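Asker: I'd like to go over a predicted model; first the sequence, then the structure.
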Amino acid sequence: MKKNIFKKSLLGIMLPAFFLAQISCAQKSVKTLKTAYKKDFVMGVAIGTEHILEKDAKANEIIKSEFNGITAENIMKAEVIHPQWDKYNFDLSDKFIELGQKNKMYITGHTLVWHSQLPPFIRRNNNKDSVQTFMRNHIATVAGRYAGKIDSWDVVNEALEEDGTLRKSVYLKTLGEGYIQEAFELAAKADPKAALYYNDYNIEQPAKRKGAIEIVKKLKAAGVKIDGVGIQGHWSINTLNLQEIEDAIVDFSKLGVKVAFTELDLTVLPNPWDMKGADVNQSYKNSPQMNPYTAGMPDSVGVVLAQKYEDLFKLFLKHKDSISRITFWGVNDGHSWLNGFPIRGRVNYPLLFDRNYEKKKAYFSVLNLKK
Ligand code: G3I
């Protein structure tokens, strides 16, 4: 009798345990972007206020299951986080960090020094002491607050013109070119553990790439910490240039820094500057010609998008040892900045998830490379 009871209770424990193990195996085997690319690089996503506040259940689910890295799309920019001389807004950035920590994600701070989205009191300031004080306080306070919690910082963002010379920003005009070195030194001091990146768009293109190489070389020669270069990756399905991207990966990694693709998206819409011969000012206006897919993305375009993403990720995998992270600039198509730029009010489809958070063909073309 005793034996039977023992047998039954043993079965009672083992059977549910067996089924639970099966379920958890099944769950584990569901491949997502982050699990598929786990051994290659961080798969990141840029998130906004609604995601940080976890207001949208579908978005939350995707962010957590598909990605293992987050970047703050807007809320760590100076005009938001440091709106007045002595006033900082840390509410959202604290929550952003908590979200990343809770989900064990790679956290990227974006961005410490950028000519754009500056608070009004510094935007057109031409006083050297003011700009320097602002930059010093800003980096020490913001990077210092999150020291040890942020994995990487975009320390300086978009400091270059298209021809590879330094952008005539408020920082360059008041502080001279030394501001870049000082920014990296300040960041290293405020958060010695964070990986420090120079981040820019179009730096895969030869002239601008040369400028970025100069920046890295100068910092290295001066013994200043720089860990990586962020190639933003705002590209178009019509003009994607894989050769330039590959050359850039090789060139940057030769300098002894990692390469990250920090703001990846592929516009499927015509860009005004692609329309040779057209009046650029005219084409910046919204029109049916410039906004052709208001009723949905045609399958033929979805196929091209999927192919371009596949080509890109093949290249990323080829160079995975040089690449630290790939971050998509937005969770789904509806969330993308490309619906408003360079023409307001368009309907774009640049990401892997559609407006209903459904996986697009492009999602599978990226995922299935890791079969
Ligand atoms: O938060 C305000 C809101 O209060 C206001 O009602 C609304 C009215 O327009 O504007 C909101 O701010 C907008 C903000 O995004 C948040 O949605 C700004 O106008 C808008 O300019 C801002 O655009 C961002 C842009 O950077 C400028 O900061 C985009 O979302 C963001 O995707 C984009 O990201 C940049 C990277 O930081 C650097 N690299 C290029 C990339 C694309 O431009």
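Answerer: That came through, no problem.
Asker: Can you show me the helices along the stretch 1-150 of the chain?
Answerer: Counting by DSSP state H, counting those that start in this stretch, the stretch 1-150 of the chain has these helices, from start to end: 2-28, 33-36, 49-52, 57-66, 78-81, 91-102, 120-123, 128-145.
Asker: I'd like to check the angle between the last one and helix 91-102, please.
Answerer: Taking axes from the mean of the first three to the mean of the last three C-alpha atoms, to 10 degrees, one finds helix 128-145 and helix 91-102 inclined to each other by 40 degrees.
Asker: How about residues contacting helix 128-145?
Answerer: Here helix 128-145 makes contact (C-beta atoms under 8 Å, 6 or more residues apart in numbering) with 76, 78, 81-82, 85, 88, 90, 93, 109, 112-113, 122, 125, 150, 153, 170-171, 174-175, 179, 182-183, 186-187, 189-191, 194. Where you see a C-beta, it was placed from the backbone N, CA and C, and this is true even at glycine.
Asker: Kindly recompute the last result at 6 Å.
Answerer: With contact meaning C-beta atoms under 6 Å, 6 or more residues apart in numbering, helix 128-145 is reached by His82, Leu112, Ile122, Asn125, Thr174, Leu186, Ala187, Ala190, Asp191.
Asker: Spell out the residue ranges of the strands in the chain.
Answerer: 42-47, 69-72, 106-114, 152-157, 195-200, 228-231, 234-236, 258-267, 323-328 (DSSP state E).
Asker: which residues touch the fifth one?
Answerer: Read that as strand 195-200. Strand 195-200 has contacts (C-beta under 6 Å, 6+ apart) with 152-158, 160, 184, 187, 215, 225-230, 262.
Asker: Which single residue in this structure comes nearest to the ligand?
Answerer: In the chain, the residue that lies nearest the ligand is Trp337 (3.4 Å; C-beta to the nearest ligand atom).
Asker: What residues does the chain have near the ligand?
Answerer: Glu73, Asn74, Lys77, Gln117, Asn157, Tyr201, Gln232, Glu263, Trp337 (C-beta under 6 Å from any ligand atom).
Asker: Recalculate using a threshold of 5 Å.
Answerer: Asn74, Gln117, Trp337 (C-beta under 5 Å from any ligand atom).
Asker: Count the neighbours of the first one for me.
Answerer: When you say that, I think you mean Asn74. Counted with other C-beta atoms under 10 Å, residues neighbouring Asn74 total 16.
Asker: which ones are touching Ile62?
Answerer: When contacts are counted by C-beta under 6 Å, 6+ apart, Ile62 is found next to Tyr357.
Asker: Tell me which two in the contacts of helix 128-145 are the farthest apart.
Answerer: Spanning the widest gap among the contacts of helix 128-145 are Asn125 and Asp191, at 25.7 Å by C-beta to C-beta.
Asker: Comparing the two, which residue is more hemmed in?
Answerer: Higher neighbour count among Asn125 and Asp191: Asp191, with 25 against 17, using other C-beta under 10 Å.
Asker: Quick one, grab the pLDDT at the residue lying closest to that one once chain neighbours are set aside.
Answerer: Once flanking residues are discounted, Asp191 sits nearest to Ala147: 4.1 Å by C-beta to C-beta, 6 or more residues apart in numbering. On the pLDDT scale, Ala147 is placed at 98.
Asker: now swap in Met275 and tell me
Answerer: Per-residue pLDDT puts Met275 at 61.
Asker: again, but for the one 5 residues further on
Answerer: Model confidence at Val280, given as pLDDT, is 58.
Asker: buried stuff in stretch 109-128?
Answerer: Gly109, His110, Thr111, Leu112, Val113, Trp114, His115, Leu118, Pro119, Ile122, Asn125 (16 or more other C-beta atoms under 10 Å).
Asker: just stretch 83-97 next, same as before
Answerer: For stretch 83-97, a neighbour-count test (16+ other C-beta under 10 Å) marks Tyr88, Phe90, Leu92, Ser93, Phe96, Ile97 as buried.
Asker: shaky segments in the stretch 201-350 of the chain?
Answerer: Residues of the stretch 201-350 of the chain meeting the criterion pLDDT under 70: 275-283.
Asker: what about the helices in it?
Answerer: For the stretch 201-350 of the chain, the helices defined by DSSP H, counting those that start in this stretch cover 206-221, 242-254, 280-283, 299-318.
Asker: just to revisit the earlier point, burial measure for the residue nearest to Asp191, as a count.
Answerer: Neighbours of Ala147 under the rule other C-beta under 10 Å: 13.
Asker: close enough to count as contact, it and Lys193?
Answerer: No - checked against C-beta atoms under 6 Å, the pair Ala147 and Lys193 is beyond contact range at 7.2 Å.
Asker: Around Lys254, how many other residues sit close by?
Answerer: Count around Lys254 with other C-beta under 10 Å applied: 10.
Asker: Apologies, that question was intended for Phe328.
Answerer: A total of 27 residues lie near Phe328 under the criterion other C-beta under 10 Å.
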